[in-house]
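Novice: Pasting the sequence and the predicted model now:
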Amino acid sequence: MTAPAVPAPSPSSTGELSRIPGLKTRRNAELGLLGFAMLLVATFGWTVEANQFDHVTSTFWVPAVLLSILFLGLHVVVRLTAPYADPVLIPAVALINGIGVAFLRRLDIARAIANKDPIPGIFAGTGGRQLAWTLASLILAAVLLLVVRDHKAVSRYAYTLGLVGIVLVMIPAVLPGSLSEVNGAKLWIKFGSFSIQPGEFAKLALVSFFAYYLVRKREVLSLASHRFLGLDFPRGRDLGPVVTVWLLSLLVLVFEKDLGTALMYFGLFVVTLYVATERSSWLIIGLLLFFGGVYVAYLLGKAVGGPFANFYDRASIWLDPFAPQYIDKEGYQLVQGLFGLGTGGLFGSGPGAGLPGSIPEVRTDFIFAGLGEEIGLFGLSALLVTYLLIVERGLRAALAVRDSFGKLVAGGLAFTLGLQVFVILGGITGLIPLTGQTTPFLSAGGSSLMANWLLVAMLLRISNAARGPAAGGGPERPGPKKAPTQLHGAMTEVIKP
Amino acid sequence: MPEFVLTVARFGFLILLWIFVFTVVGVIRRDLFAGARSKSIVASPRGVGGAILQGRPAKAKRGKAARQLVVTAGQLAGTRITLGEAPITIGRAEDSTLVITDDFASARHARLVPRDGQWFVEDLGSTNGTYLDRGKVSGPTPVPLGVPIRIGRTSLELRP
């Protein structure tokens, strides 16, 4: 047998993204699921109009089709730049985003009917604005996919990103309340009627920084340890960074008056640390520090008030939202949300048939309660499982990717998303004190939507590296134009002049 | 709108929602098992016979192309790399294809190179050496399927 029986086409001849036969990209599955998700959004829109108007207008499908075009654009970008990316991420996120847009439009319609106003157009009101934000977010996500061709390149800018992240977190804290305070939480930068929430973007920057820092320090943090009570505890001096971040998040709690954000940053750091070192002692130390800190803040708020008073109030409302001093004042929104969820019951009243207008903040923080009234526990749990699947795909990418920086970034981002859903849903359902987090992809608000789509784009990029063939970074091939490889073991920091 | 249609729409939406969730799970499931039952599209490479180590490569399965590199032991155990046409570098350096954090591995430890469908392992002057099964690798050595390559505490295998 002399014939070289390897019919595989030579990849160097087919351009930069040659497909390896037998290795599935599963982009068609993504397209199919995307179509299915948009069908669901259209069904939601149809049912809303049927319930609200008694007849269905001839334009009920327009938002769904517009969204389909937007997501199709991102799908094409993914086909071109990240062909092996996870096929499930975009459709799952698109479903939640689409239901968010449709539900916000439903709220606009209900308000217009109540005020005897004409029915708002598709591009008017919160729903229309959310549609525009979706367009902006998808453009950002596509740009990220086009610019960042290899997630490892991000690690070069890790310290810059860390600084940017801390600055973004700190801006609202130092701004005067009139420019940064909404409903008691100082998380915003307001320019007139327009406001952004810099903390949403800070998450992404901080995850990259933590990942880079921990890749470099993991050996020290995981090897040098004392054994105590069957757990490996780190040396005192190695606790420095975790204590710093803990203090930072407590400062956030005190000055920005937001438990959710503080919990996000701290949880993010502790979990990245745990992923990097595989030491469960970090989780225990982290939880003890956090609960200790929060309890002390609660006691201080009771005794001293001042900057801690807000947190004390929120914790008291959480302990008994139906208490007579809260039910019609500070606890009103939580109680209305609980009533909404209770009214929805198992199957809900049907899209468009509930009364979400009676829940305050139903467009942002309480969107899940409003939605829960209409689609019931049955529908809410489907949405929750969708979130769970998104997080699972992120963690799967973290497991499968081959470099430790990518592992930590993907793990951290997926965990952040999960934690954010937990914090806001825990708050709405009364499991933890309510804090004003947005529900990712669902709530009205551009900052959150853009930041979370960037997060998804990063996960797509990493999952592409994890599932694709092991090429040395895509277009790079041994050839004359290849950049010189680094030949020493240490990571190289590129210092830009 | 008649009550009946509204009820159908209400429950129809919920049922469609769950069908979507299960379709997504189905895609993920197919994805999980995609590597396991990869049908041989690439014809089995012959050639490079004979040049196998003197160890016990007899148990190595022959006649199938290597599709995956699987880490069987060490910190990265369970990691799978789908093989393409590009060489795979192994070491502690961050730009390696497989970055192993192993105290006994060098920054640039070893390299796997495909040639006519057969993968060759090559030591890149590592401190502690690369072993194919029991034998130390000195020059480019063909790697049969299922025979462990040992680097420090890490073991790797080619799988179809």
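Specialist: Great, that's in hand.

Novice: Can the worst-scoring helix or strand of chain B on mean pLDDT be said to contact chain A?
Specialist: Lowest on mean pLDDT, DSSP states H and E among the helices and strands of chain B sits strand B:80-82, with a mean of 79. Yes - using Cβ under 8 Å from any Cβ of the partner chain, strand B:80-82 comes into contact with chain A via B:80-82. Just so you know, the C-beta spots here come from the backbone N, C-alpha and C atoms, and that holds for glycine as well.

Novice: Between those, identify the one with the most neighbours.
Specialist: Highest neighbour count within these, by other Cβ atoms under 10 Å in any protein chain shown: residue B:81, with 23 neighbours.

Novice: buried stuff in stretch A:357-377?
Specialist: For stretch A:357-377, burial by neighbour count (16 or more other Cβ atoms under 10 Å in any protein chain shown) applies to A:359, A:361-376.

Novice: near chain B, which of the residues you listed show up?
Specialist: Okay, of these touching chain B (Cβ under 8 Å from any Cβ), that's A:375-376.

Novice: can you redo the residues of strand B:80-82 next to chain A as a markdown table with distance to residue A:462?
Specialist: Formatted as a markdown table, these follow (distance: Cβ to Cβ, whole Å):
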| residue | distance to residue A:462 |
| --- | --- |
| B:80 | 16 |
| B:81 | 15 |
| B:82 | 15 |
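
Novice: and the least confident helix or strand of chain B, how far out from the chain's middle?
Specialist: Between the centre of strand B:80-82 and the centre of its chain there are 3 Å (Cα atoms, centre = their mean, to the nearest Å).

Novice: burial count for residue 136?
Specialist: All of this is about chain A. 13.

Novice: was after chain B, sorry
Specialist: 11.

Novice: Where do the domain boundaries of chain B fall?
Specialist: Domain ranges of chain B: B:1-27, B:66-157, per the TED database.

Novice: The shortest one near chain A at all?
Specialist: The reference is to domain B:1-27. Yes - Domain B:1-27 lies within reach of chain A by Cβ under 8 Å from any Cβ, at B:1, B:5-7, B:9-14, B:16-18, B:20-21, B:23-25, B:27.

Novice: if we can go back for a sec, the least confident helix or strand of chain B: what's the following helix or strand?
Specialist: strand B:88-91 (DSSP states H and E).

Novice: Give the buried residues for that following strand.
Specialist: The neighbour-count check on strand B:88-91 (16+ other Cβ under 10 Å) flags B:88-91 as buried.

Novice: where do the strands sit along chain B?
Specialist: Under the criterion DSSP state E, strands of chain B are mapped to B:68-73, B:80-82, B:88-91, B:98-99, B:110-115, B:118-123, B:130-132, B:135-136, B:141-142, B:149-151, B:154-159.

Novice: I'd like those laid out as JSON lines, including distance to residue A:390.
Specialist: Output for those, formatted as JSON lines (distance: least, Cβ to Cβ, whole Å):
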{"stretch": "strand B:68-73", "distance to residue A:390": "26"}
{"stretch": "strand B:80-82", "distance to residue A:390": "22"}
{"stretch": "strand B:88-91", "distance to residue A:390": "30"}
{"stretch": "strand B:98-99", "distance to residue A:390": "26"}
{"stretch": "strand B:110-115", "distance to residue A:390": "34"}
{"stretch": "strand B:118-123", "distance to residue A:390": "36"}
{"stretch": "strand B:130-132", "distance to residue A:390": "40"}
{"stretch": "strand B:135-136", "distance to residue A:390": "47"}
{"stretch": "strand B:141-142", "distance to residue A:390": "43"}
{"stretch": "strand B:149-151", "distance to residue A:390": "35"}
{"stretch": "strand B:154-159", "distance to residue A:390": "30"}
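
Novice: Which one of those has the poorest average confidence?
Specialist: Here the lowest mean pLDDT among these goes to strand B:80-82, at a mean of 79.

Novice: quick one on the thing from earlier: just flag the most distant two among the buried residues of strand B:88-91.
Specialist: Longest distance between any two of the buried residues of strand B:88-91 is 10.6 Å, between B:88 and B:91; criterion Cβ to Cβ.

Novice: Flag the shaky bits of the stretch 351-497 of chain A, pLDDT-wise.
Specialist: The model of the stretch 351-497 of chain A has pLDDT under 70 over residues A:470-497.
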